[in-house]
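# Provided below are the primary sequence and the corresponding predicted coordinates.
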Amino acid sequence: MNKFYTMKKTADKTAEIMIYGDIGDGWWSEGVTAKQVKKDIAALGEVDHIDVRINSGGGSIYEGLAMFNALDQHDADVTTYNDGMAGSIASVILMSGNKIVMPPTSNIFIHRASGFAMGTAEEMRKSARNLDKMEKSAIRAYQNKTGMGKDELLELMDDDTMLDADEALELGFIDEISGSASEDNMKMAASFTYSFMGKVPEILRSGMKAPKKQKKQEVTTMTEAELKAKHPELFAAVLVMGRKEAEAEAATGLKLAISDATSAETLRIKGVFEQSLPGHEDKIQEMAFDGKTTGPEAAVVVLRLEQEKMGAMKVKINTAAPGAVPVTVASLEATNTENKDDQRPLDVICKEKWDGDANLRAEFQDTFGIYLKYEQNVLKGNCKSRG
């Protein structure tokens, strides 16, 4: 049995819920979970009135919002009581009451949502965005009750504000202070001084009374033609707003298009540089930044230049050794065809040819890397073998 939580029927059509512990499963003690609260509310059956008594410093935002929604959406009339402390997310649960009562000796504590995260930078940014959304839900609960603006509430939350019963009544967080006449409560609030506090929210320092919760207004639906006829200035303003939104969307689309184009250009340049061979750095640099040459195209150009260089080398070799038989690229292609069933890695096959053929080494300037690069591009189809 959970000693921090009970739910029972006090009469045929009335029930009482007591939440006197952490919201959600506690780290060091048993807490009160939304699953248990929702299950017990369903077990009550049809009830007309529910009293919810709260004394909690808070806990899990997820659990607290789920409890708030379960009570706020229930058909019964709900009265919430702050029996001692309604802090953090427990103060949001307090807002679920159609009527909120607080004795003069209890407090409400509100603050900005907080949590911890670990992981990559993007994972922590995602956690921060989720925390903002959960805080937004809590602010809505406060706004629905008090009628205060978001900025006013954020000022109170930024200051980690502790409210006593008089302050809570003045700001609209509660409807009644139990145990004393409302006239006496207002006199006490008027004479209260905040001079002992180091940081006092402007809304309290100025003595401004927060607006009460606004009643829902009826919404009238009009067609475009009716709006134009009855409210031409409003119609014109809507058109201007629509144009601005369309322009903003178009600008966003343009930024995305630019981003995509930039990524594609980066990949193109990288592909060109991957084809670099010693002695052709200037040509690679030129093709990388001409805005059009792709990686495979650059490979063809580099290999053509290599072929021209190797042709010049063959003239020198033939002149130096008239009886030598030069190894041509066609003969390499023939060798590849003959060994097409060879399952060994290409570099192993090429190394074997390289070590056993002096003419091949001479043709490729004793640089195995150039020869291997050539064979790789032949297999990829980036260039054709020459005879």
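Now that the structure is in, tell me what you want to look at. Numbers count the residues shown, from 1 in each chain.
# low-scoring stretches of the stretch 1-150 of the chain, by residue?
1-2, 26-29 (pLDDT under 70).
# residue boundaries of the strands in it?
Assigned by DSSP state E, counting those that start in this stretch, the strands in the stretch 1-150 of the chain fall at 5-9, 14-19, 49-56, 77-87, 99-102, 107-110.
# Dump these into TSV; add mean neighbour count and distance to Leu234 as well.
C-betas here are computed from N, CA, C, even on glycine. TSV is the format used below for those (neighbours: other Cβ atoms under 10 Å; distance: least, Cβ to Cβ, whole Å):
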stretch	mean neighbour count	distance to Leu234
strand 5-9	15	51
strand 14-19	20	47
strand 49-56	21	44
strand 77-87	21	39
strand 99-102	22	38
strand 107-110	20	38
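# Is it possible to get TSV of the ones you listed that adds distance to Glu30?
Output for the strands of the stretch 1-150 of the chain, formatted as TSV (distance: least, Cβ to Cβ, whole Å):
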stretch	distance to Glu30
strand 5-9	8
strand 14-19	12
strand 49-56	13
strand 77-87	18
strand 99-102	26
strand 107-110	22
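# okay, now the nearest residue to Asp132 once chain neighbours are set aside: neighbour count?
Nearest non-adjacent residue to Asp132, counting by Cβ to Cβ, 6 or more residues apart in numbering: Ala113, 7.8 Å away. For Ala113, the tally of surrounding residues (other Cβ atoms under 10 Å) stands at 18.
# Now Ala113: phi and psi?
Ala113 has phi and psi values of phi -60, psi 140 when expressed as degrees, to the nearest 10.
# circling back to that earlier point, can you check which of the strands of the stretch 1-150 of the chain gets nearest to Ile370?
The closest of these to Ile370 is strand 107-110. By Cβ to Cβ, the value is 72.1 Å.
# what lines up beside that closest one in the sheet?
strand 77-87 (parallel), strand 161-164 (antiparallel) (DSSP bridges).
# and the shortest one, how far out from the chain's middle?
Read it as strand 161-164. Centroid separation for strand 161-164 versus its chain: 32 Å, with Cα atoms, centre = their mean, to the nearest Å.
# Now do the buried residues in that strand.
In terms of neighbour count (16 or more other Cβ atoms under 10 Å), strand 161-164 has its buried residues at 161, 163-164.
# So which of these is the closest to Ile174?
Scanning the buried residues of strand 161-164 for proximity to Ile174, where the rule is Cβ to Cβ, the winner is Leu163, at 9.0 Å.
# distance of the closest one from Leu169?
According to Cβ to Cβ, to the nearest Å, Leu163 and Leu169 sit 9 Å apart.
# what sits against the residue nearest to Asn82 when sequence neighbours are not counted?
Computed as Cβ to Cβ, 6+ apart, the closest residue to Asn82 that is not its neighbour in sequence is Met102, at 4.2 Å. With contact taken as Cβ atoms under 8 Å, 6 or more residues apart in numbering, Met102 is in contact with 81-82, 86, 108, 165, 168-169, 174, 176-178.
# Quickly note the distance from Met102 to Lys309.
From Met102 to Lys309 the distance is 91 Å (Cβ to Cβ).
# what do you get for Gly369?
Plainly put, Gly369 is 14 Å away from Lys309 if you go by Cβ to Cβ.
# Pick out whichever of those two has more residues nearby.
Neighbour tally, Gly369 and Lys309, criterion other Cβ under 10 Å: the higher count belongs to Lys309, 16 against 10.
# residues near the closest residue to Tyr5 other than its chain neighbours, how many?
What sits nearest to Tyr5 in space, not counting adjacent residues and going by Cβ to Cβ, 6+ apart, is Val32, at 4.3 Å. Using other Cβ under 10 Å, Val32 has 29 other residues around it.
# Between the contacts of Met102, which sits nearest Gln343?
Nearest to Gln343 among those, with distances taken as Cβ to Cβ, is Ala86, at 74.0 Å.
# The residue nearest to Asp132: what's it in contact with?
Ala113 touches 61, 131-132, 134-135, 138, counting by Cβ under 8 Å, 6+ apart.
# Could you list the low-confidence segments of the stretch 251-387 of the chain?
Applying pLDDT under 70 to the stretch 251-387 of the chain flags the ranges 251-262, 311-342, 381-387.
# For it, which segments are assigned as helices?
281-288, 295-320, 329-338, 346-356, 358-363, 368-380 (DSSP state H, counting those that start in this stretch).
# What helix or strand is the nearest residue to Arg112 once chain neighbours are set aside located in?
Using Cβ to Cβ, 6+ apart and skipping residues adjacent in sequence, the residue nearest Arg112 is Met157, 4.9 Å away. Element membership for Met157, per DSSP states H and E: helix 150-158.
# got the CA positions of that helix in CSV?
Listed next in CSV are the C-alpha coordinates belonging to helix 150-158 (Å, rounded to 0.1, in the frame of the first residue of the first chain):
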residue,chain,number,x,y,z
LYS,A,150,3.1,34.2,-20.8
ASP,A,151,5.8,36.9,-20.1
GLU,A,152,4.4,37.6,-16.6
LEU,A,153,4.4,33.9,-15.7
LEU,A,154,7.9,33.4,-17.1
GLU,A,155,9.2,36.2,-14.9
LEU,A,156,7.8,34.5,-11.8
MET,A,157,9.2,31.1,-13.0
ASP,A,158,12.6,32.6,-13.8
